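Q: Sequence below, structure please.
(one chain, ligands or ions: 1)
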Amino acid sequence: MKKKIIFSGIQPTGLLTIGNYIGALSQWEKLQKKYFCIYCIADLHALTIYQKKNILNNNILDVLSICLASGIDPKKSIIFIQSHVSQHTQLNWILNCFANFGVIKRMTQFKEKIYLNQNINVGLFSYPILMAADILLYQTYKVPVGKDQVQHIELVKDIARRFNNIYKKKIFTIPKKKLHENYGSCIMSLLSPFKKMSKSDNNKNNIITLFDNDFTIRKKIKHAITDSDNPPNIKFDLKNKPGISNLLIILSNITQISIKELEYNFQNKNYYDLKEFVINNLCLFLNKLRKKFFFYRKNEILLRKIMLNGAQKAEKYAKITLKKVYNIIGLNM
Ligand code: TYM
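A: Residues are numbered from 1 along each chain as shown. Take a look at the predicted model:
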């Protein structure tokens with residue numbers, strides 16, 4: 001039987017966080033066992049914020065290396081750079097003409113970004129329609145993402161349904177979102193555990209990046225918000241103990257010890273013990289990941305081969321869908 005298709009993307013901007021790893025990359029790796037996975041480094045999405053040429057070039061290679069270090073296997077899956085497959089921008093334009101202006105205007109991420117950003121370009125506004133093109137080109141069954149992308153996926157479904165209905169033909173598969181199963185779909189900020197951990201956070205004490213060294217990890221986790229329960233109580237309770245719960249989620253996902261078992265192991269222990277365990281495991285985990293990262297990052301010839309190969313394979317699939325779209329619209333003479 002043909003394997004169902006998984007598609008997802010990640011932007012090559014800034015330093016990826018442990019949230020990106022747990023919410024997206026760790027899922028991407030696992031899904032390769034059961035599905036045919038297609039992953040893209042969304043460099044065109046990154047242009048919604050001004051990027052310096054050399055920094056963007058380096059970030060693309062860094063993120064590709066992180067994906068490989070996280071276990072994305074180019075022999076099993078396709079990994080490519082979004083701008084290398086021109087069908088993404090071609091379908092993007094067509095879908096612009098099928099997306100409802102009022103609906104896009106209501107996207108929360110857009111509203112948050114215009115609130116914070118002086119440079120409001122049209123790309124920032126139509127960003128989710130490029131995501132729609134990414135996903136719909138590959139007849140995607142499921143899209144593994146963090147919670148912050150859920151509204152975008154709903155929009156993609158909406159656009160796909162609208163298009164299929166207008167032409168009375170199933171041109172696009174309607175994709176489903178796939179959220180992390182072990183509470184990892186929204187890793188929270190260390191100092192404000194009701195807010196998503198985000199690589200663009202101005203206060204870097206809120207985030208653990210994949211490149212933080214042992215000293216920085218120790219400092220940040222030591223400062224992470226817990227609570228003032230007396231006696232200390234290490235319990236998973238998202239509503240009443242968001243800081244402790246966030247640390248338990250991170251810990252569980254990097255050690256593969258269940259949250260229940262962690263709760264059991266930390267009965268009668270204090271927050272110092274929990275934080276020491278988080279620090280030691282995070283350092284261990286990130287040092288291992290970085291060792292793999294440097295192996296790939298140093299080998300640019302290999303990276304370029306993987307990029308080229310990935311784009312060639314992705315293009316084969318993308319062309320099939322785009323041709324169907326051109327035919328049904330009346331663009332193929
Ligand atoms: P980006 O680059 O912001 O984030 C990449 C992935 O990481 C997830 N993520 C998190 N998950 C859990 N906790 C967090 N704190 C956290 N922060 C980020 C995001 O949800 C995402 O899954 N627009 C997308 C990239 C993209 C894409 C696509 C995704 C482009 N085309 C098509 C899916 C399908 C983005 O900016 O992700």
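Q: CA atoms for contacts and neighbours, from now on please.
A: Will do.
Q: where are the low-confidence patches of the stretch 101-250 of the chain?
A: 118 (pLDDT under 70).
Q: Up against the ligand, what does it have?
A: 131, 134-135, 145-149, 184-188, 196-198 (Cα under 6 Å from any ligand atom).
Q: and if we set it to 5 Å?
A: Residues of the stretch 101-250 of the chain found near the ligand (Cα under 5 Å from any ligand atom) are Met131, Val145, Gly146, Ser185, Cys186, Ile187, Lys196, Met197.
Q: how much space between Lys30 and the ligand?
A: According to Cα to the nearest ligand atom, to the nearest Å, Lys30 stands 14 Å off from the ligand.
Q: Which pLDDT value belongs to that residue?
A: pLDDT, Lys30: 97.
Q: Could you report the neighbour count for it?
A: 12 (other Cα atoms under 10 Å).
Q: and the strand or helix carrying it, how far from the chain's centre?
A: Per DSSP states H and E, Lys30 falls inside helix 26-31. Relative to its chain's centre, helix 26-31 lies at 11 Å (Cα atoms, centre = their mean, to the nearest Å).
Q: ok, residues contacting that helix?
A: Ile6, Cys37, Ser70, Gly71, Ile72, Pro144, His180 (Cα atoms under 8 Å, 6 or more residues apart in numbering).
Q: Let me know the closest of those residues to the ligand.
A: Nearest to the ligand, judged by Cα to the nearest ligand atom, of these is Pro144 at 6.4 Å.
Q: What are the structural domain limits within the protein?
A: 5-186+299-329, 204-294 (automatic domain parsing).
Q: Show me the strands in the stretch 151-300 of the chain, by range?
A: For the stretch 151-300 of the chain, the strands defined by DSSP state E, counting those that start in this stretch occupy 176-178.
Q: TSV for the domains of the chain, including distance to Ser192?
A: Formatted as TSV, the domains of the chain follow (distance: least, Cα to Cα, whole Å):
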stretch	distance to Ser192
domain 5-186+299-329	13
domain 204-294	7
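Q: Does Cys37 belong to a helix, a strand or coil?
A: Secondary structure, DSSP: H, G, I helix; E, B strand; the rest coil: Cys37 is strand.
Q: what about it, how many neighbours?
A: Residues near Cys37, counting by other Cα under 10 Å: 26.
Q: residue contacts, it?
A: Counting by Cα under 8 Å, 6+ apart, Cys37 touches Ile5, Ile6, Phe7, Trp28, Leu31, Lys76, Ser77, Ile78.
Q: Bridge partners for the second one, pull those for me.
A: In this entry, Ile6 is beta-bridged to Cys37, Lys142, by DSSP bridges.
Q: How confident was the prediction at it?
A: For Ile6, pLDDT reads 98.
Q: can I assume it is in contact with Val145?
A: No - using Cα atoms under 8 Å, Ile6 is not in contact with Val145; the gap is 10.8 Å.
Q: what's around the spatially closest residue to Ile259 that is not a sequence neighbour, how many residues?
A: Using Cα to Cα, 6 or more residues apart in numbering and skipping the chain neighbours, the partner closest in space to Ile259 is Ser252 (5.8 Å). Ser252: 20 surrounding residues under other Cα under 10 Å.
Q: Quick one: residues contacting Ser252.
A: Ser252 touches Ser258, Ile259, Leu262, counting by Cα under 8 Å, 6+ apart.
Q: From Leu248, how far out is the second one?
A: Taken as Cα to Cα, to the nearest Å, the spacing of Ile259 relative to Leu248 amounts to 6 Å.
Q: who's more crowded, these two?
A: Applying other Cα under 10 Å to Ile259 and Leu248 shows that Leu248 carries more neighbours, namely 25 against 20.
Q: packing partners for the strand or helix carrying Asn92?
A: Element membership of Asn92, judged by DSSP H and E, is helix 87-96. Contacts defined by 3 or more Cα pairs under 8 Å, 6 or more residues apart in numbering; DSSP states H and E place helix 87-96 against helix 122-136, helix 300-329.
Q: sorry, back to before: may I see the contacts of helix 26-31 organised as a markdown table, with distance to Ile174 added?
A: Formatted as a markdown table, those follow (distance: Cα to Cα, whole Å):
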| residue | distance to Ile174 |
| --- | --- |
| Ile6 | 12 |
| Cys37 | 16 |
| Ser70 | 28 |
| Gly71 | 27 |
| Ile72 | 25 |
| Pro144 | 14 |
| His180 | 20 |
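Q: Can I get the buried part of those as one PyMOL selection?
A: To isolate the buried ones among these in PyMOL, judged by 16 or more other Cα atoms under 10 Å, type:
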select buried, resi 6+37+70+71+72+144+180
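Q: Roughly how far does the residue nearest to Ile259 sit from Leu191?
A: Distance from Ser252 to Leu191, counting by Cα to Cα: 20 Å.
Q: OK, contacts around the residue in the stretch 201-333 of the chain that the ligand sits nearest to?
A: Closest contact between the stretch 201-333 of the chain and the ligand, by Cα to the nearest ligand atom, is at Ile207 (8.8 Å). Ile207 makes contacts with Thr17, Ile18, Ser189, Leu190, Met197, Ser198, Lys199, Asp201, Lys220, as judged by Cα under 8 Å, 6+ apart.
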